[in-house]
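Enquirer: what follows is a predicted structure for the sequence shown.
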Amino acid sequence: MKRTKKNRVESRDNSTTLVASGTSVRGDIQFSGRLYISGAVTGRITTEAGAPATLVVDEDGRVEGDIQATHVIIAGRVDGNVIASERLEVAATARVSGDVSYRQLGVELGGLLNGKLLLLEGDESRGNVRVFELSGGGDRDA
């Protein structure tokens, strides 16, 4: 299969960077594409200007510092402010201490957000808050 210049550019745009479990990074990170954190990062995480990007902090991941990305998925721990210019997803295992800004917010039952929730200005009709996997209809006594 022949690779063209265009294909190489496209593959770079869709690249994934991994901070693996057991790895610790100190310092600011600027990325494009997808950044997957399973280790620990201490520092500010931002995307390249105008580049759509997804940040995933898995259950074992930890970030101490502010985050700014298009799409942010948190299942681990974040101590810092989070700005998701499009969508923020918070899993049941997530622990976030800091203010979060978003256009769309999904919070799974059990996920912890300790800070202010701020809907980003703009197309406010797109912003929403959802709680996933609600079960039953209220309190249940055994």
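Expert: Received it, and whenever you're ready, just let me know what you need.
Enquirer: in this protein, what helix or strand scores lowest on average pLDDT?
Expert: helix 5-13 (a mean of 38; mean pLDDT, DSSP states H and E).
Enquirer: just want the most central residue of the chain.
Expert: Nearest to the geometric centre of the chain sits Val72, at 2.0 Å (CA atoms, centre = their mean).
Enquirer: quick one: that one and Leu88 touch, right?
Expert: Yes: with contacts counted by CB atoms under 8 Å, Val72 reaches Leu88, the gap being 5.0 Å. For every residue, glycine as well, the C-beta is placed using N, CA and C.
Enquirer: list residues touching both of those two?
Expert: Common contacts of Val72 and Leu88 (CB atoms under 8 Å, 6 or more residues apart in numbering): Val82.
Enquirer: what helix or strand is the residue nearest to the centre of the chain on?
Expert: strand 67-74 (DSSP states H and E).
Enquirer: show me what that strand is in contact with.
Expert: With CB under 8 Å, 6+ apart, strand 67-74 has contacts from 35, 44-47, 52-57, 78, 80-91, 94, 96, 111.
Enquirer: format the CA atom coordinates belonging to that strand as PDB.
Expert: Taking C-alpha atoms only, strand 67-74 is exported to PDB below (Å, rounded to 0.1, in the frame of the first residue of the first chain):
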ATOM      1  CA  ILE A  67      -6.800  20.900  31.400                       C
ATOM      2  CA  GLN A  68      -8.100  22.500  28.200                       C
ATOM      3  CA  ALA A  69      -9.200  20.300  25.300                       C
ATOM      4  CA  THR A  70     -12.100  19.900  22.900                       C
ATOM      5  CA  HIS A  71     -13.300  16.600  24.400                       C
ATOM      6  CA  VAL A  72     -12.400  15.400  27.900                       C
ATOM      7  CA  ILE A  73     -13.200  12.000  29.300                       C
ATOM      8  CA  ILE A  74     -12.300  11.500  33.000                       C
END
